[in-house]
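Engineer: Just the structure for this:
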Amino acid sequence: MIFDSHTHLNAEQFNEDIPETIERAKELGVTEMAVVGFDTPTIDKSLELSRDHPDIYSIIGWHPTEAGSYTKEIETRLQELLQTPKVVALGEIGLDYYWMEDPKEVQDRVFRRQIAIAKEMKLPISIHMRDAIEDTYQVLKEEGVQDIGGIMHSYSGDSEWMKRFLDLGMHISFSGVVSFKKAVEVQEAAQIVPLDRMLVETDAPYLAPVPYRGKRNEPGYTRYVVEKIAELREMSWEELAQQTTKNAHQLFRIEK
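Structural biologist: From the prediction side, this is the model:
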C-alpha cells in the first residue's frame, strides 16, 4: 500500500470532508500519511489527526514563510510537542525566496535553529525549498544533516542537485509535479534516484497530479504519483508503492 509522506489534511480546504477524504484515499490504496503542520493552528490540527487515526502521523515545524513570527516561546512549545507520540519528523522547514515574507537572514537563522533541535531530538527533517536551492544545500551541508537525514519535499530540482542532496543523506520525495508535461528535469530525477531513497507525496491540497491538475489535491492522489514514476521507470506501480512505503517506515522509524 501507499504512504503519502507529505500532506496537509489539516488545511482549511478539508474542513468539511476529512473522513470522506481518508476513505477515498484508502480506496486508491493510500493507507498511511504524514500530515504536516507548519504554524500553530496547523500543528495543533496535525497532532489531533494523528491522535485520532491509527495510520496518520505528524510532521511539525515552523515554515520559512512564518520565520518572522518564530519566538523563544514558540520554540519551547515546539520542543515539547515534538515529543508527542506519532510525531515522526520536524518540518516543513527551509528557505523560501519566492514569497520572501521575511529576509534571508531571518529565514536562515530559523532554519538552522530547527535543524539543531532536530539533531538534539534525533528526528529527520522535511525540507521546503523554493527558489533557494543553493542556499538550502549550503545550510544542510554546514549543519551536518547527514546525522539525522530527512526529505527534500516535493523535489523540483534537476538530477545533478538531487545527487548532491543524496550525498548529504537526504531522501527525495516526488509530488504531482512529476506528472506535469513540462517537468522534464523532475521526471529525469525520478528515473534515476535510488529506489531505497525515494518517497512519494501529494502536498495536498496543492499540486494535484494529472489527471486532476488544477483541482483540489488530496492524499489519495498519491496513487497517480506512484503510477507516473512507475511508468517512467518501467516497473509495476505495486512494486514502487511497496518500496516507497518501506522507505517511509524506515526513515520515520515506524514499525509495521
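Engineer: Run through the residues that contact Leu232.
Structural biologist: Going by CB atoms under 8 Å, 6 or more residues apart in numbering, Leu232 touches 178, 187, 190-191. Every C-beta, even on glycine, is put in place using the N, C-alpha and C of the backbone.
Engineer: Identify the single longest strand in the protein, thanks.
Structural biologist: With DSSP state E applied, the strand covering the greatest number of residues in the chain is identified as strand 87-96.
Engineer: neighbours of Ser236, just the number please.
Structural biologist: The local packing of Ser236 (other CB atoms under 10 Å) involves 12 other residues.
Engineer: element containing the closest residue to it other than its chain neighbours?
Structural biologist: Nearest-residue entry for Ser236: Ala230, 6.2 Å, with adjacent residues in sequence omitted and distances by CB to CB, 6 or more residues apart in numbering. Following DSSP states H and E, one finds Ala230 within helix 222-233.
Engineer: related to what we said a few turns ago, contacting residues for the residue nearest to Ser236?
Structural biologist: In this structure, Ala230 makes contact with 236-237, 239-240, judged by CB under 8 Å, 6+ apart.
Engineer: run the last query once more with 7 Å
Structural biologist: For Ala230, the contact set (CB atoms under 7 Å, 6 or more residues apart in numbering) comprises 236-237, 240.
Engineer: for Ala208, same thing?
Structural biologist: With contacts defined as CB under 7 Å, 6+ apart, Ala208 is in contact with 176, 214-217, 221.
Engineer: what are the ranges of the strands in the stretch 1-150 of the chain?
Structural biologist: Per DSSP state E, counting those that start in this stretch, the stretch 1-150 of the chain has strands spanning 2-7, 30-37, 56-60, 87-96, 125-130, 150-152. These are given in chain order.
Engineer: most neighbours per residue, which of the ones you listed?
Structural biologist: Greatest average neighbour count among those goes to strand 2-7 (a mean of 30), per mean count of other CB atoms under 10 Å.
Engineer: Pull the residues that contact that strand.
Structural biologist: If you take CB under 7 Å, 6+ apart as the criterion, strand 2-7 is touched by 29-36, 126, 151, 153-154, 173, 199-204, 219, 222-223, 226, 241, 244-245, 248.
Engineer: How about stretch 22-41?
Structural biologist: 1-10, 43, 45-46, 49-50, 53, 55-63, 66, 88, 91-92, 126, 218-220, 222-223, 241.
Engineer: quick one on the thing from earlier: just send the contacts of Ala208 back as JSON lines, with pLDDT too.
Structural biologist: Shown next, in JSON lines, are those (pLDDT from 0 to 100):
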{"residue": "Gly176", "pLDDT": "98"}
{"residue": "Gly214", "pLDDT": "95"}
{"residue": "Lys215", "pLDDT": "97"}
{"residue": "Arg216", "pLDDT": "98"}
{"residue": "Asn217", "pLDDT": "98"}
{"residue": "Tyr221", "pLDDT": "98"}
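Engineer: How far does stretch 196-207 sit from its chain's centre?
Structural biologist: The gap between the average C-alpha position of stretch 196-207 and the chain average comes to 6 Å, counting by CA atoms, centre = their mean, to the nearest Å.
Engineer: no, scratch that, I was asking about stretch 85-97
Structural biologist: The gap between where stretch 85-97 is centred and where its chain is centred comes out at 8 Å by CA atoms, centre = their mean.
Engineer: Now that stretch: average pLDDT?
Structural biologist: Stretch 85-97 shows an average pLDDT of 98 in the prediction.
Engineer: any residues touching that stretch, and which ones?
Structural biologist: With contact meaning CB under 7 Å, 6+ apart, stretch 85-97 is reached by 34, 36, 38, 50, 57-65, 81-82, 107, 111, 114, 117-118, 123-132, 135-136, 150, 153, 252, 254.
Engineer: let's see it at 6 Å
Structural biologist: Outside of stretch 85-97, the residues within contact range by CB atoms under 6 Å, 6 or more residues apart in numbering are 36, 38, 50, 57-59, 61, 64-65, 107, 111, 114, 118, 123-132, 135-136, 153, 252.
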